[in-house]
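Chemist: sequence first, then the predicted structure:
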Amino acid sequence: MDNKKLRKWTITGIFAIFILASLWHFVYDWIPNGVTATIFPVYESPWEHVKLFFFPAIIFYLIQYFVVGKNYKNFIFSHGLMLVFMPALTLGLFYFYRNALMIEESLIIDIIINFFCIALGSFIAYKMTIAKIKLQRWNYVTLIVVLLLFAVNSVLTFYPPHKPIFYDKNIEAYGLDEGTGDLDHDH
């Protein structure tokens, strides 16, 4: 099978997901309600930023699947795995540079990390998609994990534990106004 089309879609996806994730950051500010709160980052905690990788990637991967991915048995598994890998790597690198390297939070470093994680995740997904190993037997498990991640993201937006990963230094709170459910605060 010719992988050129998949490779082009993968490269396009790196930029498409990065741009979509950048826009994703502001949608809740534009349309604050319960539905958008489950999909878009609501506040500035590290955890809420997981949504920047999860939902934009899902949108792109769905389009990519119907255009070229359905021709590859490993596509669902490999791209579903990246929905876990990219946010986990991003959080890991964020905490590494903040805590291990003792570097203050930096928008430039965050942007570089975000792009790097999207590019690396896309490259790994591409390699796994074209691999000779048969991974498709894990497709249903992958879909269940993706649905569980969506549910966890949604619940933790409204009811985050009082742990540093869920803390927004800008509003000095956890979650939507500390559990009041007020969706109309400044982001």
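Modeler: Received the coordinates, thanks.
Chemist: spell out the residue ranges of the strands in this structure.
Modeler: Using DSSP state E, the strands assigned to the chain run over residues 167-168, 173-174.
Chemist: show me what contacts the residue nearest the centre of the chain?
Modeler: Relative to the mean C-alpha position of the chain, the nearest C-alpha, by Cα atoms, centre = their mean, is the one of residue 53, at 1.8 Å. By Cβ atoms under 8 Å, 6 or more residues apart in numbering, the contact set of residue 53 is 17, 21, 83, 86, 87, 90, 114, 117, 118, 121. In this view, the C-beta of every residue, glycine as well, is placed from N, C-alpha and C.
Chemist: check residue 117 too.
Modeler: Applying Cβ under 8 Å, 6+ apart, the residues contacting residue 117 are 53, 86, 87, 89, 90, 93.
Chemist: just those residues now: which is nearest residue 158?
Modeler: Proximity of the contacts of residue 117 to residue 158, judged by Cβ to Cβ, is greatest for residue 87, which lies at 18.7 Å.
Chemist: so that closest one is in contact with residue 46, correct?
Modeler: No. Taking Cβ atoms under 8 Å as the definition, residue 87 is not a contact partner of residue 46, at 9.8 Å.
Chemist: who has more neighbours out of the two?
Modeler: Summary of the neighbour comparison: residue 87 and residue 46, criterion other Cβ atoms under 10 Å, with residue 87 having more neighbours (23 against 19).
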